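In: sharing a model prediction with you, sequence too.
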Amino acid sequence: MIKKLAMMLLAASLAAGSSALLAQSVSSSLRGPAPLNDEGPAPPMQPMKNTAEKEVRNYPEQPPVIPHAIDGYQVDMQGNKCLSCHARARTAESKAPMLSITHFMDRDGQFLASVSPRRYFCNQCHVPQSVATPPVSNDFVDIDTVLSHDKPGAKR
């Protein structure tokens, strides 16, 4: 019984020691040179895109991305800076796209006179885009490209 307990204790200590050693020597290319058990330095913030161009949506029902910087925008219970350009009453003056009609619907599908509280915090769905190189390659193909390959006689 004592030998069995000693063997289990020895096996547990070897497993703990080898995992600590492994964590010290293994690193991921996305993390840089920091070992897996350490927190490495944060990468520098990338500049934001700041353009009036609309980004192409990659899939149906994708929320539009924000094509400009939003640093310093107040979006909280006291105010929503986005509505100063994107509200129905402001789009003629600002030339910004108006909020989708879905932003004026409550959870029961009833239309409201103003933005629904559940759609008020814009950056829950809409995000600004940074000017950055993706850290991993991406072979995403949008649905239109996929469908065009299925057509008889389509280019492949």
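Out: Received, thanks. Since we're looking at a predicted model, the values are computed, not measured.
In: most centrally placed residue in the chain?
Out: When the chain is reduced to its mean C-alpha position, the closest residue under C-alpha atoms, centre = their mean turns out to be Val127, at 7.2 Å.
In: next, work out how far apart that residue and Phe140 are.
Out: Distance check for Val127 against Phe140: by C-beta to C-beta, to the nearest Å, it reads 17 Å. Any C-beta I mention is one placed from the backbone N, CA and C, and that applies to glycine too.
In: still on that earlier bit, next one: the residue nearest to the centre of the chain from Gln62, what distance?
Out: Taking C-beta to C-beta as the measure, Val127 falls 11 Å from Gln62.
In: common neighbours of these two, please.
Out: When contacts are counted by C-beta atoms under 8 Å, 6 or more residues apart in numbering, Val127 and Gln62 are jointly contacted by no residue.
In: Thr51 - nearest residue in space that isn't next to it in sequence?
Out: Nearest-residue entry for Thr51: Pro67, 5.2 Å, with adjacent residues in sequence omitted and distances by C-beta to C-beta, 6 or more residues apart in numbering.
In: from memory that neighbour sits against Ala96, does it?
Out: No - between Pro67 and Ala96 there is no contact under C-beta atoms under 8 Å: 10.1 Å.
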